[in-house]
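Student: could you work out the structure for the sequence below:
(chains A and B)
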Amino acid sequence: GAVVSQHPSRVICKSGTSVKIECRSLDFQATTMFWYRQFPKKSLMLMATSNEGSKATYEQGVEKDKFLINHASLTLSTLTVTSAHPEDSSFYICSARAEGGRADTQYFGPGTRLTVL
Amino acid sequence: DAKTTQPPSMDCAEGRAANLPCNHSTISGNEYVYWYRQINSQGPQYIIHGLKNNETNEMASLIITEDRKSSTLILPHATLRDTAVYYCIVRAKNNDMRFGAGTRLTVKP
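Tutor: Sure, this is the predicted structure:
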């Protein structure tokens, strides 16, 4: 299957700092990427849909000024958690949609574990 | 809002077939059935998907009922490494993927 990478895999930061997470589709182009977050023992929650060359679409309840998304190329989307607080600590997972074919399958990255002290 | 219903947990003996059910009674004609799994704290791994015909690949088989209101994912010979949370998702092309609670499959020696 298609490969999606994320960097970093884990990050620890202090409250008030900003953290950037990169998501790359390594062997395919993705016009559309997605960002999810997952709390312990919970399912994945969609945060936003990232479209190359245009603004991201955020889910209800997700602050767009806090979670900045940039999708500048067909293989890279970034999520920046601004002014991080301990409650932002979570597992962040990106996904890229491989286009063409009959169903446009989404492939997921390995995730980034963010801990805010 | 997940459009699927799955049992919260299942056990399976190592080497036996694991049959994971999923109900999707409100599925629309243009929606596909996708299966992913998540092992510990990793990103979800794509397994298989189908529209109305049964599908098989190197990982699993997907059996979809004729009325498309339910499906079963079959892992033919489960191993300990198949222990994971399995998610059944229905989705139309170009729509995003939304996860329910999934089924926690535990493969026991």
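Student: any weak-confidence spans in the chain?
Tutor: No chain in the question, so chain A it is. A:1, A:100-103 (pLDDT under 70).
Student: hmm, I had chain B in mind actually
Tutor: B:1-2.
Student: how about a cut-off of 50?
Tutor: Scanning chain B for pLDDT under 50 picks out no residues.
Student: residues from it in reach of chain A?
Tutor: B:32, B:34, B:36, B:41-46, B:49, B:51, B:87, B:93-94, B:96-102 (CB under 8 Å from any CB of the partner chain). For every residue, glycine as well, the C-beta is placed using N, CA and C.
Student: change it to 10 Å
Tutor: Chain B has residues B:2, B:31-34, B:36, B:38, B:41-51, B:57, B:59, B:85, B:87, B:89, B:91-102, B:104 near chain A, with proximity defined as CB under 10 Å from any CB of the partner chain.
Student: okay, now whatever residue of chain A ends up closest to chain B: neighbour count?
Tutor: Of all residues in chain A, A:Phe108 sits closest to chain B, at 3.8 Å by CB to the nearest CB. Residues lying near A:Phe108 (other CB atoms under 10 Å in any protein chain shown) number 24.
Student: OK, contacts around it?
Tutor: Listed by CB atoms under 10 Å, 6 or more residues apart in numbering or on different chains, the contact set of A:Phe108 reads A:2, A:4, A:6, A:23, A:34, A:36, A:44, A:93-96, B:36, B:38, B:42-46, B:97.
Student: and with 8 Å instead?
Tutor: A:Val4, A:Ile93, A:Cys94, A:Ser95, B:Tyr36, B:Gly43, B:Pro44, B:Gln45, B:Tyr46 (CB atoms under 8 Å, 6 or more residues apart in numbering or on different chains).
Student: correct me, but B:Ile39 touches B:Tyr86?
Tutor: No - applying CB atoms under 8 Å as the test, B:Ile39 and B:Tyr86 come out as separate, 10.2 Å apart.
Student: strands along chain A, start to end?
Tutor: Ranges of strands in chain A, per DSSP state E, are A:4-7, A:10-13, A:19-25, A:32-38, A:44-51, A:57-58, A:67-73, A:76-81, A:90-97, A:106-108, A:112-116.
Student: that older thread, just checking, which of the residues of chain B next to chain A belong to strands?
Tutor: Filtering the residues of chain B next to chain A for strands - DSSP E - leaves B:31-34, B:36, B:38, B:45-50, B:85, B:87, B:89, B:91-92, B:104.
Student: and the buried ones among these, selectable in PyMOL?
Tutor: To isolate the buried ones among these in PyMOL, judged by 16 or more other CB atoms under 10 Å in any protein chain shown, type:
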select buried, chain B and resi 31+32+33+34+36+38+45+46+47+48+49+50+85+87+89+91+104
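Student: what's the burial count for the closest residue to A:Leu26 other than its chain neighbours?
Tutor: Excluding the flanking residues, the one nearest A:Leu26 by CB to CB, 6 or more residues apart in numbering or on different chains is A:Val3, at 4.3 Å. Per other CB under 10 Å, the neighbour tally for A:Val3 reads 13.
Student: which residues sit in contact with A:Val3?
Tutor: A:Ser25, A:Leu26, A:Asp27, A:Tyr107.
Student: for chain A, what's the nearest residue on chain B?
Tutor: For chain B, CB to the nearest CB, closest residue to chain A: B:Gly43, 3.8 Å.
Student: OK, contacts around that residue?
Tutor: With CB under 8 Å, 6+ apart, B:Gly43 has these contacts: A:Val4, A:Gln6, A:Ile93, A:Ser95, A:Phe108, A:Gly109, A:Pro110, A:Gly111.
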